[in-house]
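**Q** Quick one, what's the 3D model for this:
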Amino acid sequence: MFSGKDSTITVRDLLKWANRINKESNSELAVIALEGFLVLGERSRNTQDKMFIKQTLERHFKVIIDLDNFYEQYFDKYLSKVFETLPKELNLPKIIMS
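**A** Okay, the predicted model is just below:
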């Protein structure tokens with residue numbers, strides 16, 4: 001995981017994320033695992049590395065990380081309003097997701 005330029009994560013990233021776990025020790029394991037993946041996995045450009053990080057977190061935290069559901073809920077909660085209101089405010093045509 002820490003093999004120079006081919007590393008999956010840096011030691012600094014691992015320690016930053018581990019510090020979050022200490023501060024959030026009362027949080028659900030699923031939330032901590034998801035946040036860990038967002039910090040460690042989503043910055044990886046290699047799909048194989050992303051899957052390795054995701055599977056490792058799922059195995060050790062004994063949870064399932066459902067990224068599709070997370071991003072769908074995030075869009076519904078935070079971004080859907082922007083896609084509806086911003087074009088009207090700027091007098092632009094409707095923005096269509098593609």
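**Q** Could you find the closest non-adjacent residue to I64?
**A** E58 (6.0 Å; Cβ to Cβ, 6 or more residues apart in numbering). Quick note: C-beta positions are derived from backbone N, CA and C, even for glycine.
**Q** ok, the one you found - contacts?
**A** A33, I64, I65 (Cβ atoms under 8 Å, 6 or more residues apart in numbering).
**Q** again, 10 Å this time
**A** A30, A33, F37, I64, I65 (Cβ atoms under 10 Å, 6 or more residues apart in numbering).
**Q** Buried residues in the helix or strand hosting it, which are they?
**A** Taking DSSP states H and E as the definition, E58 sits inside helix 47-61. Buried residues in helix 47-61, counted by 16 or more other Cβ atoms under 10 Å: D49, K50, I53, K54, T56, L57, F61.
**Q** outside of the following helix or strand past it, which residues touch it?
**A** Using DSSP H and E, the helix or strand that follows helix 47-61 towards the C-terminus is helix 67-74. Contact with helix 67-74 is made by L34, F37, L38, G41, E42, K50, K54, D66, L79, S80, as judged by Cβ under 10 Å, 6+ apart.
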